[in-house]
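Trainee: Predicted structure and sequence below. I'll ask about it afterward.
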Number of protein chains: 2
Amino acid sequence: MTENQTSKQHSCAIGSSSASCMELLNSQELELLDSKMVEVSYRKGEIICKQGAPATQLMIVREGLVKIYMESNTGENLVLHIMPEMNIIGLSSLFEGNNTYQFSAQAYLDTRIQVVDTATFKQLIRSNSSFSLKVIGLLAEYNTVISGRFYCLTQKQTYGRFADVLLCLANRIYKQQKFPLHLSRKELAEIAGMSVESVARILTRFKEEQLIELECKHLNILDYNRMFEISQKG
Amino acid sequence: MTENQTSKQHSCAIGSSSASCMELLNSQELELLDSKMVEVSYRKGEIICKQGAPATQLMIVREGLVKIYMESNTGENLVLHIMPEMNIIGLSSLFEGNNTYQFSAQAYLDTRIQVVDTATFKQLIRSNSSFSLKVIGLLAEYNTVISGRFYCLTQKQTYGRFADVLLCLANRIYKQQKFPLHLSRKELAEIAGMSVESVARILTRFKEEQLIELECKHLNILDYNRMFEISQKG
DNA sequence: AAAAAAACTTGATCTGCATCAAAGATTTAT
DNA sequence: ATAAATCTTTGATGCAGATCAAGTTTTTTT
């Protein structure tokens, strides 16, 4: 009996692929890229790009962790995506008639970014079909990530969404069941799309039920299976 | 004084671009495509592809209107996207490790679809860089559409979302302020992400306030500006 | 044309979660 | 070390919108 496919959705904001598309470029193309590219470093918390600004360049994350989010009039942000290294910010402005960023980006950690103008990037796409195919793959993956989050934040309720976030941190970022919880309650709330108070309540509940252990800023998922179950049930 | 960029978001499920990427193919490539392609017709309401099924092919919408949605265990669907002709279903399965569709597709109207296998499609991407760039543009646009909907369905409340839907129908589909309302309340509810009862209540309210007129299945937006305002305020 | 089924409307109730409020813990500044 | 500021927890309240229920209209079937 196969599990219902629809239950596989999770709100993890991080994609699973990792290979860089840059390694598909030949030396000549790399040279072009190098000559056009600028490297910029951001400190934790700094804004990398701003919703509404002209989208003339792409930003390649070389190191760090970046939050891609939409700002709302109410000051509450919607996190679309979290990007570790080897991801590209701004691919969606490669479509005609999209001359401004529809999102902002902020560094979660100290982050190193390579900036290229869209024209150069398009030139690389034209000249190298493997590169182009890889970019399509990346965009396709971003689509999948956002759709998954869309589903979870609209269909699951708070406990399921929060379980998702914990599993995402464990699986995609730290790759172990015990990990340091650098993110504040506010940041967790933002990712899970809920209020800070809800996060606090859910955490205490999870502790009570011995699903997790939380000491000296380290979170340990004690019962992975039940956590997974909660994330699935919604 | 420029308007806040964030207020420009709308939950319209339909993109704005229209040009086909097929017209960028040369005669040889078109020949290859023709030899590999199969055309299938679907009646209104029929399922075109199913979430969880192996994603081995792409479907080009040549005529009609298609709903792209995610199914949930509760039977409530999440509409990701509505595609008129010249759109491609399944581009997001062009990413490695994505071997099943993460969505279902259903014909809103009688629809004509051209089916191509992913391998052939990838071959075309490799051989024709303009085509490839256009595909990237399409994917980027889909990203934008889904992000916009994601924002609206999570940040706006029912009246704003419903105003969005009416404006989307008027602007993107019928291209006039008075249009036939073929969609049932249930379908409208699904698109706007709310219950059927809420749709009914909002419609009567809009009629009371003389924002719209609804007679013999034709909806007329009487006060476009206020409708727009409502959609913005959320 | 009558009966059955489906779609729509309207009011009443319920509920998940946000918001408000206030106390306790931790971090930062002095 | 002490004070100030920020973050976190916990309880109380409020509300948007879902669900429930029952009646009305429209469509489909026979």
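Mentor: Yes, it's here. Everything numeric in this text was worked out from a predicted model, so none of it was measured.
Trainee: The top helix by length along chain A close to chain B?
Mentor: Counting residues, the longest helix in chain A under DSSP state H turns out to be helix A:129-155. Yes: with CB under 8 Å from any CB of the partner chain as the criterion, chain B is reached by helix A:129-155 at A:129-130, A:132-133, A:135-144, A:146-151, A:153-155. To be clear about C-beta, it is placed using only N, CA and C from the backbone, and glycine gets the same treatment.
Trainee: So for A:Leu94, what's the nearest residue that isn't a sequence neighbour?
Mentor: Nearest non-adjacent residue to A:Leu94, counting by CB to CB, 6 or more residues apart in numbering or on different chains: B:Ala140, 4.7 Å away.
Trainee: Kindly report the same for A:Leu181.
Mentor: A:Leu219 (4.6 Å).
Trainee: tell me the secondary structure for the one you found?
Mentor: strand (DSSP: H, G, I helix; E, B strand; the rest coil).
Trainee: can you map out the helices along chain A?
Mentor: Using DSSP H, helices in chain A cover A:27-36, A:118-127, A:129-155, A:158-168, A:185-192, A:196-208, A:224-233.
Trainee: Present those helices as JSON lines; the columns should include mean pLDDT and mean neighbour count.
Mentor: As requested, those are arranged in JSON lines below (pLDDT from 0 to 100; neighbours: other CB atoms under 10 Å in any protein chain shown):
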{"stretch": "helix A:27-36", "mean pLDDT": "92", "mean neighbour count": "13"}
{"stretch": "helix A:118-127", "mean pLDDT": "94", "mean neighbour count": "17"}
{"stretch": "helix A:129-155", "mean pLDDT": "94", "mean neighbour count": "22"}
{"stretch": "helix A:158-168", "mean pLDDT": "96", "mean neighbour count": "23"}
{"stretch": "helix A:185-192", "mean pLDDT": "96", "mean neighbour count": "20"}
{"stretch": "helix A:196-208", "mean pLDDT": "97", "mean neighbour count": "16"}
{"stretch": "helix A:224-233", "mean pLDDT": "93", "mean neighbour count": "16"}
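Trainee: can you pull the pLDDT of the nearest residue to A:Asn143 once chain neighbours are set aside?
Mentor: Leaving out its chain neighbours, the residue that sits closest to A:Asn143 by CB to CB, 6+ apart is B:Ser92, at 4.1 Å. Note on B:Ser92: pLDDT of 90.
Trainee: Tell me who's in contact with B:Ser92.
Mentor: Contact analysis of B:Ser92 by CB atoms under 8 Å, 6 or more residues apart in numbering or on different chains lists A:Ala140, A:Glu141, A:Asn143, A:Thr144, A:Ser147, B:Asn98, B:Gln102, B:Leu139, B:Tyr142.
Trainee: List, one by one, the residues from chain A near DNA strand D.
Mentor: Neighbours of DNA strand D within chain A, by CB under 7 Å from any atom of the strand: A:Ser184, A:Arg185, A:Lys186, A:Val196, A:Glu197, A:Val199, A:Ala200, A:Arg201, A:Leu203, A:Thr204.
Trainee: With distance to B:Ile60 as added columns, please give those residues in JSON lines.
Mentor: What follows is the residues of chain A next to DNA strand D, written out as JSON lines (distance: CB to CB, whole Å):
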{"residue": "A:Ser184", "distance to B:Ile60": "46"}
{"residue": "A:Arg185", "distance to B:Ile60": "47"}
{"residue": "A:Lys186", "distance to B:Ile60": "45"}
{"residue": "A:Val196", "distance to B:Ile60": "46"}
{"residue": "A:Glu197", "distance to B:Ile60": "48"}
{"residue": "A:Val199", "distance to B:Ile60": "44"}
{"residue": "A:Ala200", "distance to B:Ile60": "49"}
{"residue": "A:Arg201", "distance to B:Ile60": "48"}
{"residue": "A:Leu203", "distance to B:Ile60": "48"}
{"residue": "A:Thr204", "distance to B:Ile60": "52"}
